[in-house]
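**Q** When you get a sec, could you give me coordinates for this:
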Amino acid sequence: MNLYNNQWDTNFPLWQEGPWSSRIRLWVVRGGPTAETLTGPSWEARVPLIAAFADGPRGKLPVQSSGLAVSRAGGVASYVGPAPYGDKVLVRLWDLAGISGKVEVSLPDHFSAFSAVPINLRGEPEGKPLKIKNGSFEANLPAFAPASFLLE
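**A** Numbering: from 1, shown residues only. This is a model prediction of the structure:
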């Protein structure tokens, strides 16, 4: 672990004042599926549990409901929210386990989309829209790569 030096051998402590701290987590893995033994625990450590509290009148959404789900271990939704280039919802998936193939993406109950349009990282369409049936769609997720969709 090299915390201070980069590719130009800059020694940051010489020109960065104040205390520094770092934490490293190690998992010992001996065989087994990568998604369950390595990528799952590392993603949970990277993205901690987030909770919210609201005070005021109740809105239209249910108090509790399931979120977006990806059918395969190692496939995660790294972003679900407003698209930066329009008024649609962007869903970005990543494969963290090195497994290419089809995944089923289940949307939360309150999403009312009819198709998921595959796009590249620039927001340009890449392929035919995928039909959303019963709140889910099937998509190809490449190994160690993102797959992005605009919900329409």
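
**Q** Only C-alpha atoms from now on, for both contacts and neighbour counts.
**A** Will do.

**Q** Geometric centre of the protein: which residue is closest?
**A** Centroid-nearest residue in the chain: Ser78, 1.3 Å away (criterion: CA atoms, centre = their mean).

**Q** Run through the neighbouring helices and strands of the one helix or strand that residue maps to.
**A** For Ser78, the element it lies in under DSSP states H and E is strand 75-82. The elements that strand 75-82 packs onto, with contact taken as 3 or more CA pairs under 8 Å, 6 or more residues apart in numbering; DSSP states H and E, are strand 69-70, strand 89-95.

**Q** for the record, mean pLDDT for the first one?
**A** The average pLDDT for strand 69-70 rounds to 92.

**Q** and what of the longest one?
**A** Strand 89-95 shows a mean pLDDT of 94.

**Q** now the angle from it to strand 75-82?
**A** 160 degrees (axes from the mean of the first three to the mean of the last three CA atoms, to 10 degrees).

**Q** just how off-centre is strand 89-95 within its chain?
**A** How far strand 89-95 lies from its chain's middle: 6 Å, per CA atoms, centre = their mean, to the nearest Å.

**Q** Just the CA trace of that strand, in CSV.
**A** Provided in CSV are the C-alpha atoms of strand 89-95 (Å, rounded to 0.1, in the frame of the first residue of the first chain):
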residue,chain,number,x,y,z
VAL,A,89,-33.9,8.3,-15.0
LEU,A,90,-30.4,6.9,-15.5
VAL,A,91,-29.6,3.4,-14.3
ARG,A,92,-25.9,2.4,-14.3
LEU,A,93,-24.9,-1.2,-13.6
TRP,A,94,-21.3,-2.6,-13.1
ASP,A,95,-20.0,-6.1,-13.0
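
**Q** which phi and psi does Phe149 have?
**A** For Phe149, the backbone dihedrals (degrees, to the nearest 10) come out as phi -140, psi 140.

**Q** Can you read off the pLDDT for it?
**A** In the prediction, the pLDDT value recorded for Phe149 is 97.

**Q** For Glu138, give me its contacts.
**A** Each residue near Glu138 by CA atoms under 8 Å, 6 or more residues apart in numbering is listed here: Lys102, Val103, Glu104, Val105, Leu130.

**Q** quick one: what helix or strand has it in it?
**A** Per DSSP H and E: strand 136-141 holds Glu138.

**Q** Identify each buried residue in that strand, please.
**A** Ser136, Phe137, Glu138, Ala139, Leu141 (16 or more other CA atoms under 10 Å).

**Q** Many thanks, have a good one.
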